[in-house]
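Novice: Predicted model and sequence follow; I will ask about them next.
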Amino acid sequence: MFLSVLTDHTAGNPLDGKLVWTNLKQEEISLLIYKKYNINVSRTVIRQLLDRHNYKR
């Protein structure tokens, strides 16, 4: 669910497959999840998910 929301908003370094980032703010990710799945997710949880999936700023 989390990664499906980020699919169209993810970029990365082609030389380092582990380095990925998104152009969305935490609030925007939370809003997209709410609109798509009707689930409220806090900014804290979004930050934890970004960290868990190796997204960098």
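Specialist: Done, it's in.
Novice: Residue 33 contacts residue 6, correct?
Specialist: No: between residue 33 and residue 6 there is no contact, the gap being 9.8 Å when judged by CB atoms under 8 Å. In short, each C-beta sits where N, CA and C put it, glycine included.
Novice: Need the pLDDT of the most far-flung residue of the chain relative to its centre.
Specialist: Of all residues in the chain, residue 15 has its C-alpha farthest from the mean position, at 20.9 Å, by CA atoms, centre = their mean. Residue 15 is assigned 85 on the pLDDT scale.
Novice: neighbours around residue 5, how many?
Specialist: By other CB atoms under 10 Å, 23 other residues sit near residue 5.
Novice: Sorry, slip of the keys, the one I care about is residue 50.
Specialist: When neighbours are counted by other CB under 10 Å, residue 50 registers 20.
Novice: Let me know the pLDDT of it.
Specialist: 96.
Novice: For the longest helix that the chain contains, which residues meet the burial criterion?
Specialist: Counting residues, the longest helix found in the chain (DSSP state H) is helix 26-37. Residues of helix 26-37 classed as buried: 26, 29, 30, 32, 33 (neighbour count, 16 or more other CB atoms under 10 Å).
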